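Q: Below is the sequence, then the predicted model.
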Amino acid sequence: MAAGEPTHRVLRRGAAGSDRQHEKTAEDGNDPEVLWNAQELIGNALESLGQPAEAQRYFLASINTIERLRREVAGGQQQQTYLENRLGPWLGMVSLLISQKNYSEALAFAERSKARVLLDTLQGGRANLRESLSTEEHQAEKTQRLKLVELNSRLTSELRRDKPDAPRIAALRTDVEKARLEYEALETSLFAAHPELRLRRGQASIITTDEIGRLLQDTMSALIEYVVGEDRTYLFVITKSEPTREVQVRAYTIPIRKEELARQTETFRVQLANRDLGFSATGHKLYDLLVRPAQAQLSGKTNLVIVPDEKIWELPFQALLTESGQYLLEKSSVSYAPSLTVLGEMSGHRKRDARSPDPIPSRYSLLALGNPDIGKETIDKALLTVSDEKLAPLPQAAREARALGQLYGASQSKVYVGAEAREDRFKAEASQARVLHFATHGILNNTSPMYSHLALSQGSAGEDGLLEAWELMQMDLHAELAVLSACETARGRFGPGEGMIGLTWALFMAGVPATLVSQWKVDSASTRELMVNFHQLARPTAVSTARIAKAEALRRAALKVMKNPGTRHPFYWAGFVMYGEWR
């Protein structure tokens with residue numbers, strides 16, 4: 001030890017040397033899992049030793065090793081969860097670059113860690129895969145899907161018997177799970193059979209500062225992105241300023257542990273969902289924590305686009321209380337996105353669709369399904385995953401759907417209620433509609449988020465009445481907006497590196513650039529008022545195709561509900577949020 005050198009620096013240097021030995025061992029033994037971990041540890045040690053350039057080199061090497069591994073995971077649940085326990089190198093790089101005030105590059109690495117499966121699919125995945133499948137491959141996919149539906153129906157029938165056979169139920173549950181895994185394995189094999197598509201997975205391009213500038217079209221909007229670490233959270237804010245309209249990227253460090261942030265977030269969401277009158281203190285505290293650090297940069301901004309992270313995916317920012325006691329929504333429209341890169345990709349799809357001739361004949365404005373007749377078999381199947389969901393009739397939902405039909409006009413809308421609101425009908429007609437509206441029960445499956453579903457009438461024998469997220473994900477939709485006027489449709493399993501995986505995620509996959517969804521079980525009467533007001537503002541009129549931006553339309557519709565003393569509490573208006581393309 002050199003004279004006067006602190007002991008902790010000697011220990012860190014020793015740790016770095018030990019990690020380099022692990023790195024060499026991993027390289028020699030061709031063990032990439034050990035390799036990326038060793039590279040990350042070396043990066044951490046070098047940062048502590050005050051060697052940022054070397055630390056960056058090792059963080060980047062670790063990231064590249066992980067990305068190479070992820071490309072080898074062809075599809076299914078593995079892709080969705082792959083980064084969850086491997087985000088350390090990205091967090092290390094973001095922290096290091098922020099400490100050097102290199103905010104734009106730090107944001108780029110934050111983007112590299114978010115919504116990668118979704119982005120891969122948007123830039124070169126599922127739609128192209130559908131086009132590439134042979135007749136035999138299409139038939140194999142259909143056969144495997146129908147097998148899963150049939151096994152679910154058999155399990156439901158057994159559960160409905162007066163004296164269910166416990167061993168048979170256990171065996172059928174095993175068969176259902178096996179069929180689900182086989183379906184994912186089939187998808188994996190299809191990607192493997194089409195290497196020209198598989199090679200693109202994990203190589204999606206990340207949005208640049210120039211592209212962010214084009215996404216951020218005016219000086220009244222701000223893009224906000226959060227990165228949640230173990231002991232601190234980073235807040236990125238991107239704006240344009242007058243008169244140069246130059247893009248400004250700033251980062252702010254929020255000193256709070258991940259567990260404490262999650263606790264405060266859940267407290268606030270539950271307070272609102274339960275109509276708790278004591279929510280104000282929590283709303284003020286979270287605003288001061290998560291928004292106020294950037295208050296000067298956000299001053300005067302009337303449109304906020306937020307990319308959450310971790311548990312704050314479930315935070316209703318629109319109901320946070322500012323220093324003046326106003327709700328954030330009273331000052332700005334609020335929308336959400338899985339990542340800025342995904343948002344840019346979805347906006348690009350919309351612009352390309354606008355420039356190209358409409359490929360779908362007889363396209364109409366609205367397809368609405370409301371208050372479906374939900375059969376006992378469908379209810380029994382729903383009870384397999386959500387034991388307390390009654391799936392009771394929703395008469396307000398039927399009135400909501402019919403009111404929207406009158407608003408859009410008979411020639412521009414198709415509205416189905418009761419027994420006519422069938423799953424097979426939706427699948428047959430959805431690709432022709434510009435706006436999809438569901439006024440029905442939505443059921444969250446936290447354990448298997450891609451089996452979260454919307455309850456519909458059963459329809460044909462090949463359907464079970466539960467439109468599941470994985471089924472939506474397989475569709476090729478052309479709508480510019482989907483509205484899920486149902487309970488907790490905004491929720492799902494938030495996966496580090498992917499965001500909220502569930503119904504919204506599946507609709508993005510299917511090609512819908514924007515969805516309006518709920519964060520808790522909503523009140524049906526105030527929901528009907530909010531929805532009709534929203535559509536009235538957001539739809540193109542007969543006189544002009546000009547309309548209010550979707551996020552602003554939602555804001556104005558919520559403010560109308562808020563003005564009524566009986567529905568002033570955020571429970572009635574803050575539950576609905578806009579995800580994706582906000583314009």
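A: Here it is on my side, so go on.

Q: Pull out the buried positions in stretch 216-232.
A: Residues of stretch 216-232 classed as buried under the neighbour-count rule (16 or more other Cβ atoms under 10 Å) are Leu216, Ser221, Ala222, Leu223, Ile224, Glu225, Tyr226, Val227, Val228, Gly229, Arg232. For every residue, glycine as well, the C-beta is placed using N, CA and C.

Q: cool, and stretch 243-254?
A: Buried residues in stretch 243-254, counted by 16+ other Cβ under 10 Å: Val247, Val249, Arg250, Ala251, Tyr252, Ile254.

Q: so which pair among these is furthest apart in space?
A: Distance extremes for the buried residues of stretch 243-254: the farthest pair is Val247 and Ile254 at 22.5 Å, using Cβ to Cβ.

Q: Assign Tyr226 to helix, strand or coil.
A: The three-state label for Tyr226, taken from DSSP: H, G, I helix; E, B strand; the rest coil, comes out as strand.

Q: In the stretch 51-200 of the chain, where is pLDDT below threshold?
A: Per-residue confidence of the stretch 51-200 of the chain (counting by pLDDT under 70) places the weak regions at 71-83, 115-132, 149, 152-153, 156-157, 159-160, 184-185, 187-200.

Q: Using a markdown table, lay out the buried residues of stretch 243-254 together with pLDDT and secondary structure.
A: Putting the buried residues of stretch 243-254 into a markdown table (pLDDT from 0 to 100; DSSP: H, G, I helix; E, B strand; the rest coil) gives the following:
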| residue | pLDDT | secondary structure |
| --- | --- | --- |
| Val247 | 93 | strand |
| Val249 | 96 | strand |
| Arg250 | 97 | strand |
| Ala251 | 98 | strand |
| Tyr252 | 98 | strand |
| Ile254 | 98 | strand |
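
Q: Out of the residues you listed, which is nearest to Gly300?
A: Looking at those and their distance to Gly300, the nearest is Arg250, at 15.5 Å (Cβ to Cβ).

Q: How much space separates Thr143 from Gly462?
A: Distance of Thr143 to Gly462, given as Cβ to Cβ, to the nearest Å: 12 Å.

Q: Settle it for me: which of these two has more neighbours?
A: The neighbour comparison of Thr143 against Gly462 (other Cβ atoms under 10 Å) goes to Gly462, with 15 against 11.

Q: what about that one, which helix or strand?
A: Assigned by DSSP states H and E, Gly462 belongs to neither a helix nor a strand.

Q: That one and Arg145: what is the separation?
A: Note on Gly462: its distance to Arg145, by Cβ to Cβ, is 9 Å.

Q: Equivalent analysis for Thr282, please.
A: Taking Cβ to Cβ as the criterion, Thr282 is separated from Arg145 by 44 Å.

Q: Equivalent analysis for Glu211, please.
A: In this view, Glu211 and Arg145 are 37 Å apart by Cβ to Cβ.

Q: try Ala553
A: 36 Å.

Q: the more surrounded of these two?
A: Applying other Cβ under 10 Å to Ala553 and Arg145 shows that Ala553 carries more neighbours, namely 22 against 17.

Q: Pretty sure that one sits against Ala538.
A: Yes: applying Cβ atoms under 8 Å as the test, Ala553 and Ala538 come out as touching, 3.9 Å apart.

Q: anything in contact with each of the two?
A: Taking Cβ atoms under 8 Å, 6 or more residues apart in numbering as the contact definition, Ala553 and Ala538 share the neighbouring residues Arg547.

Q: quick one, strands of the stretch 301-450 of the chain?
A: Across the stretch 301-450 of the chain, reading from the start of the chain, the strands by DSSP state E, counting those that start in this stretch fall at 303-307, 333-336, 364-372, 413-418, 433-439, 442-443.

Q: contacting residues around the first one?
A: Taking contacts as Cβ under 8 Å, 6+ apart, the residues outside strand 303-307 that touch it are 114, 218, 220-226, 298, 317, 328, 332-340, 343, 549, 551-552, 582.

Q: and the residues you listed, which of them are in helices?
A: The helices, defined by DSSP state H, take in Leu298, Leu328, Leu340, Leu343, Ala551, Glu552 from the contacts of strand 303-307.

Q: Just the buried ones among the residues you listed, please.
A: Among those, those scoring as buried are Leu298, Leu328, Leu340, Leu343, Ala551, Glu552 (criterion: 16+ other Cβ under 10 Å).

Q: gap between the first one and Thr244?
A: It refers to Leu298. Counting by Cβ to Cβ, the gap from Leu298 to Thr244 is 19 Å.
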